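Colleague: Quick one: sequence and predicted model below, then my questions.
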Amino acid sequence: MFGSHKTSHSDPAHTPSASTRKSSGLDQVFSSFPPNESQSILDMSGASQANISFITGLGHRLSSDDVIGTMEQCFGTDFLAGQQAAANAQRFLDQTLRFHDDSFDVALVWDALQFLAPPLIDQVIGELLRVVKPGGLMLVFFNADEHASRIPVYNYRIQDQKNLMQVSRSALQRSQFFPNRTVERLFEKAASLKFFLTRDSLREVIVRR
């Protein structure tokens, strides 16, 4: 069953580029599933045929929510400034993660959280913890380059259990650098976190609800 999804309104002059990367976090998420048991999965990179085909081909259920696209609609081109207006922040919350409690076994959050500033990021994480089942997993990415102010944002397309295609959307101002200690604080109400070392600029985190 597919949930609602939103279409991003990216700059038409921006020509997307794509690259493939291995993802230990993705591999571990899918390896953790009980055999012959269908899982309910939320893809927060928006609907894509690649992800639909891979996830439903394994017998799982998929819903999608294009969180970056919603940010573009609610905050404009400057996410940091746009989300400081209470009306914009509330509009974003009203359109994001509108699912019942304990709806998902897994949320593929990808890189969306690093563009949210307090208090909005804490509210969104609270919503994630609400819609993911106890014991469920979240896969979250953070850029590991502490000196970068603008960082790339991607759509993530699953090629297989161990490989992702990253399709560039744009480069955006992130809210802050997220070292491990900051990530641990953000998810202090979760049961556990696992960090993965990678060879590129993304830090992968599995959060267990």
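Modeller: Nice, I can see it. Residues are numbered from 1 along each chain as shown.
Colleague: what about stretch 41-54, how long is it end to end?
Modeller: Its first and final residues considered, stretch 41-54 spans 12 Å by CA to CA, to the nearest Å.
Colleague: Now do the contacts for the residue nearest the centre of the chain.
Modeller: In the chain, the centroid-proximal residue (CA atoms, centre = their mean) is residue 109; its distance is 2.0 Å. By CB atoms under 8 Å, 6 or more residues apart in numbering, the contact set of residue 109 is 44, 128, 138-141. To be clear about C-beta, it is placed using only N, CA and C from the backbone, and glycine gets the same treatment.
Colleague: What remains of those residues if I keep only buried residues?
Modeller: For the contacts of residue 109, a neighbour count by 16 or more other CB atoms under 10 Å gives the buried set as 44, 128, 138-141.
Colleague: And the furthest pair within the residues you listed?
Modeller: Pairwise distances across the buried ones among the contacts of residue 109 peak at 14.0 Å for 128 and 141 (criterion: CB to CB).
Colleague: Please export the alpha-carbon coordinates of the lowest-mean-pLDDT helix or strand in the chain; PDB is fine.
Modeller: Sorting the helices and strands of the chain by mean pLDDT, DSSP states H and E puts strand 163-173 at the bottom, at a mean of 91. C-alpha atoms of strand 163-173 as PDB (Å, rounded to 0.1, in the frame of the first residue of the first chain):
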ATOM      1  CA  ASN A 163      24.100  -0.300  -3.000                       C
ATOM      2  CA  LEU A 164      22.400   3.100  -3.400                       C
ATOM      3  CA  MET A 165      22.200   5.500  -6.300                       C
ATOM      4  CA  GLN A 166      22.500   9.100  -5.200                       C
ATOM      5  CA  VAL A 167      20.700  11.600  -7.500                       C
ATOM      6  CA  SER A 168      21.700  15.200  -6.700                       C
ATOM      7  CA  ARG A 169      18.900  17.600  -6.100                       C
ATOM      8  CA  SER A 170      20.800  20.700  -5.000                       C
ATOM      9  CA  ALA A 171      23.300  22.100  -2.500                       C
ATOM     10  CA  LEU A 172      21.800  23.500   0.700                       C
ATOM     11  CA  GLN A 173      22.800  25.300   3.800                       C
END
